[in-house]
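Trainee: Return atomic coordinates for the entry below.
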Amino acid sequence: MDTSYPREDYLPAPSQKREPSSTALAIGTSPLPRDHLIWSVFNTIYMNFCCLGFVALAFSVKARDRKVAGDVEAARRFSSKARCYNALATAGSVVLPLLLAALVITGVIHLSKLAQESVGFFTYQFSGSDDEDK
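Mentor: Below is the predicted model of the structure:
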């Protein structure tokens with residue numbers, strides 16, 4: 001029997017004291033993706049341009065579900081799609097009314113100029129004396 005190495009029976013018992021553990025941060029991990037749920041709800045309720053707000057809401061809910069399930073990559077894809085649809089819905093709901101207002105304003109200005117010119121045409125008075133008769 002070889003007794004050159006100590007057997008497990010003779011090893012010292014581990015100490016019951018626990019040393020304070022240090023916090024280890026994983027540098028390579030990225031934060032969880034945002035689901036943009038509040039923005040989607042806002043676009044769905046207030047500015048639902050071509051139902052893009054509703055589509056964004058669906059992708060936001062999917063992103064939240066995938067994030068809770070732990071599938072970060074799928075959550076990131078759904079979050080990206082929700083952000084794109086939200087941006088399109090917001091841009092469409094803000095830009096189109098501004099464009100419509102600009103068209104109405106320029107139309108009113110153009111019509112007022114036409115009205116001023118037509119007033120000059122219709123108020124032209126012929127003189128009482130005809131110069132051709134003389």
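
Trainee: Spit out the contact partners of Lys67.
Mentor: 32-33, 35, 75 (C-beta atoms under 8 Å, 6 or more residues apart in numbering). Just so you know, the C-beta spots here come from the backbone N, C-alpha and C atoms, and that holds for glycine as well.

Trainee: moving C-terminal of the host helix or strand of it, what's the next helix or strand?
Mentor: Using DSSP states H and E, the element containing Lys67 is helix 52-69. Using DSSP H and E, the helix or strand that follows helix 52-69 in sequence is helix 72-122.

Trainee: who does that next one touch, helix- and strand-wise?
Mentor: On a contact count with 3 or more C-beta pairs under 8 Å, 6 or more residues apart in numbering; DSSP states H and E, helix 72-122 meets helix 37-45, helix 52-69.

Trainee: what's the closest of those to Gly92?
Mentor: helix 52-69 (6.7 Å; C-beta to C-beta).

Trainee: confidence score at Tyr124?
Mentor: The score at Tyr124 is 68. That number is its pLDDT.

Trainee: Check Glu8 too.
Mentor: 58.

Trainee: will you turn the helices and strands packed on helix 72-122 into JSON lines that also has mean pLDDT?
Mentor: Output for these, formatted as JSON lines (pLDDT from 0 to 100):
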{"stretch": "helix 37-45", "mean pLDDT": "92"}
{"stretch": "helix 52-69", "mean pLDDT": "94"}
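
Trainee: Please render those helices as TSV that adds distance to Thr106 to the earlier fields.
Mentor: Formatted as TSV, those follow (distance: least, C-beta to C-beta, whole Å):
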stretch	distance to Thr106
helix 37-45	29
helix 52-69	28
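
Trainee: Now go through the contacts of Lys67 and say which are in helices.
Mentor: Ala75 (DSSP state H).
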